[in-house]
Structure formats: structure tokens, C-alpha cells
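Asker: below: sequence and its predicted model.
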Amino acid sequence: MADKSKFIEYIDDALEKSKETALSHLFFTYQGIPYPVTMCTSETFQALDAFEARSDDIVLASYPKCGSNWILHIVSELIFAVSNKKYTCPEFPVLECGDAEKYQRMKLFPSPRILTTHLHYDKLPQSIFKNKAKILVIFRNPKDTAVSFFHFHNDVPDIPSYASWDEFFRQFIKGQVSWGSYFDFAINWNKYIDDENVKFILYEDLKQNLVAEIKQISEFLGFSLTDKQIQVISDQSTFPAMRENSQETHGAIGPFLFRKGEVGDWKNLFNETQNQEMDERFKECLAGTSLGAKLKYESHCLD
Ligand SMILES: Nc1ncnc2c1ncn2[C@@H]1O[C@H](COP(=O)(O)OS(=O)(=O)O)[C@@H](OP(=O)(O)O)[C@H]1O
């Protein structure tokens, strides 16, 4: 993770606020999307509109729990490999989280800046597109995403828990969870899958062939690395390696954030009705789309 102390400081603060926040008071809606009051404010969203992106910013866009901390680590290591300078970001890395003054402070940060975000495409500041920043979009199959999201809520002691998996599943399907609907997020981003400055990455592909995927990310970002350098980054980016360092990199939340790191964990929670409901929703929203094909739903989400 970029700047450890800032990340840990911010998370500790959010957890402290979470302790006093019941689930029924966790969300506020901004422009139709629910966000956690412990991490987002409408003042920050308003300030974000005027955020000035740079052409060499690297945007990491993902729905929650699709692997943003994984990609952030990989891209930080790629920058280190090409520049010999450790990538540091003296702010919490999620663009839309933090105080409204953070964008003023970010003007002083050296390039390249990594901007992680869970925002839907149409909620991003326009300067990202105008200035042609490169965007990596990370996706994960919806069943494992939902399961990871549920565990995060219910395993981290200070984060409001759901009464049950069934209750969380109902809210997830309705899009009544932090950052809104997975499917709306996916439908929106799918429209831009072929854009020149956009590259989609799949969690499951990273799991299957980390070296090849890191190589592709590196090429997309215009970096030139040797096979040995790519191999070193891959070795440092495996789930066991990242989980082992998670307390140091992410503080108390580390072991919850790096929970299991597997494809197919949904099989432990989904019942038959939930499987049917998710399969139906996938069909309605993504079947026949480029992203739908890329997600390999049949391989990853059907028994
Ligand atoms: N290196 C590596 N390999 C495999 N899987 C990994 C890795 N790093 C993070 N993860 C898994 O990604 C899930 C967390 O996603 P995010 O980082 O996007 O979470 S968050 O939205 O920022 O809170 C979470 O998934 P689950 O384990 O299924 O809960 C993490 O374990």
C-alpha cells in the first residue's frame, strides 16, 4: 500500500466512527448512490467535481471487493521498478474518501499519482477523461464479490454487521450497499470497455496467471520491465505474501481485507434460490455484453 501511516490513520478513524454507527444509519445517498457516512461526505463529492486529473495519473476503478488493494500494490511495485523510487501517496488512496481539501493537497503530489476509486463511470470527475488518464478497471465475478463484501461487514468487529447472509444478499441484489449496485456499476463501465485509455482486468485472470497479467498491465501503462522484474513483482503480489504483510501495510483491518483470496468461495454461502436469482440478474444485465463474456460467468459462477 502506498503510504502506510496515512492509510492506517484514515482507516482507524473510519472504524472509530463505525463503532457508533448502526447499520440503519450507515448510508447517505448522493446523486442516487448509497455511500458509507464513515468514509464519504457530500462536501468531498462537491469538491471532487473540480478535481484536475493529469494525463499521467493512473486510475484504478473497481466495485468494492473486486481486488483494488491487489492492483494498487501491483501498480505501486511497477512504478518502483521503473523509477527506483518507492511510490508514496500521502492521502488515503480512494479518491472520493477523505476531507474536501484533499484535492488541493493532491495538486502538490509528484507524478504519477495513483487514484483508486469505487465510483460509477458517470460519477468520476470529467478531467480524467478530458486529460486522457489511463484507467485500469478491475472486475470480479458478482457471487464472490458479494461474499467478500458480506464477510467484510460481518467479520470486522467495528463495522456494522448484517443480521445474516440472506439479509446482505437481499440488499446487494437491490444495490442498497456501499457504492450501490454491482450491476449498475458493470453496465456503466461496459460501455467503455474498448476505449483507448481503458483496460479491464479480471480478478480471476490474475489468480490464474499473475505473471502474464502483470506483464499486460505494465505494457498498458507504457512501462518496460524485464521478465525477472515482472517475476519479482508477481512473487510479492500473491495472496499469501500480501496477507502476511497486511498488518504492517493496512493495520488492524489487514487480515480482514486479505481474507481468503479465492475464486469460488460463493459456494459456501449461496443457496439454490440465491444462485438462481444471481444467475437471472447476470443474464438480464450482462449476458451478450463484452464484459459479460470477459467475466466467464459459466466457469466461475455455475456449479
Ligand atoms: N494478492 C491477492 N490475491 C488474491 N486475492 C486478493 C489479493 N489481495 C487482495 N485480495 C482479495 O481482494 C478482496 C478485497 O478486495 P478490495 O481490495 O477491492 O477491497 S476494498 O473494496 O478495497 O475493501 C478480498 O477478497 P476475499 O478474500 O474473497 O474477501 C481479498 O482477499
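Answerer: Alright, I've got the coordinates. Numbers count the residues shown, from 1 in each chain.

Asker: what parts of the chain come near the ligand?
Answerer: Taking Cβ under 6 Å from any ligand atom as the contact definition, the chain meets the ligand at 62, 64-70, 144, 148, 151, 237-239, 242, 257-261, 265. From N, CA and C alone the C-beta is placed, and that goes for glycine too.

Asker: what about the residues you listed, which are in strands?
Answerer: Among the residues of the chain next to the ligand, the members found in strands (DSSP state E) are residue 62.

Asker: excluding chain neighbours, what is closest to residue 82?
Answerer: Nearest residue to residue 82 in three dimensions, chain neighbours excluded: residue 223, at 4.9 Å (Cβ to Cβ, 6 or more residues apart in numbering).

Asker: so the one you found makes contact with residue 80?
Answerer: No. Taking contacts as Cβ atoms under 8 Å, residue 223 lies outside contact range of residue 80: 10.8 Å.

Asker: higher neighbour count, those two?
Answerer: residue 223 (17 against 14; other Cβ atoms under 10 Å).

Asker: contacting residues for that one?
Answerer: Residues near residue 223 by Cβ atoms under 8 Å, 6 or more residues apart in numbering: 78, 81-82.

Asker: which one of those has the most neighbours?
Answerer: residue 78 (21 neighbours).

Asker: can you tell me the SS state at residue 200?
Answerer: strand (DSSP: H, G, I helix; E, B strand; the rest coil).

Asker: which residue packs closest to it, ignoring adjacent ones?
Answerer: residue 137 (4.8 Å).

Asker: helices or strands up against whichever strand or helix holds that neighbour?
Answerer: According to DSSP states H and E, residue 137 maps onto strand 134-139. Contact analysis of strand 134-139 by 3 or more Cβ pairs under 8 Å, 6 or more residues apart in numbering; DSSP states H and E lists strand 58-62, helix 68-83, helix 182-190, strand 198-202, helix 210-220 as its packing neighbours.

Asker: list the contacts for the residue nearest in space to the middle of the chain?
Answerer: For the chain, the residue nearest the mean C-alpha position is residue 68 (3.4 Å; Cα atoms, centre = their mean). Applying Cβ under 8 Å, 6+ apart to residue 68 gives the contacts 60, 62, 94, 116, 118, 138.

Asker: spatially, what comes nearest to it if we skip its sequence neighbours?
Answerer: Residue 68 sits nearest to residue 62 (Cβ to Cβ, 6+ apart), 4.5 Å away.

Asker: tell me which element the residue nearest to residue 172 when sequence neighbours are not counted falls in.
Answerer: Distances taken as Cβ to Cβ, 6+ apart place residue 146 nearest to residue 172, at 4.8 Å, with adjacent residues excluded. If you go by DSSP H and E, residue 146 is part of helix 142-155.

Asker: for residue 180, same thing?
Answerer: Going by DSSP H and E, residue 180 is not in any helix or strand.

Asker: how far away is it from the ligand?
Answerer: For residue 180, the distance to the ligand (Cβ to the nearest ligand atom, to the nearest Å) stands at 13 Å.
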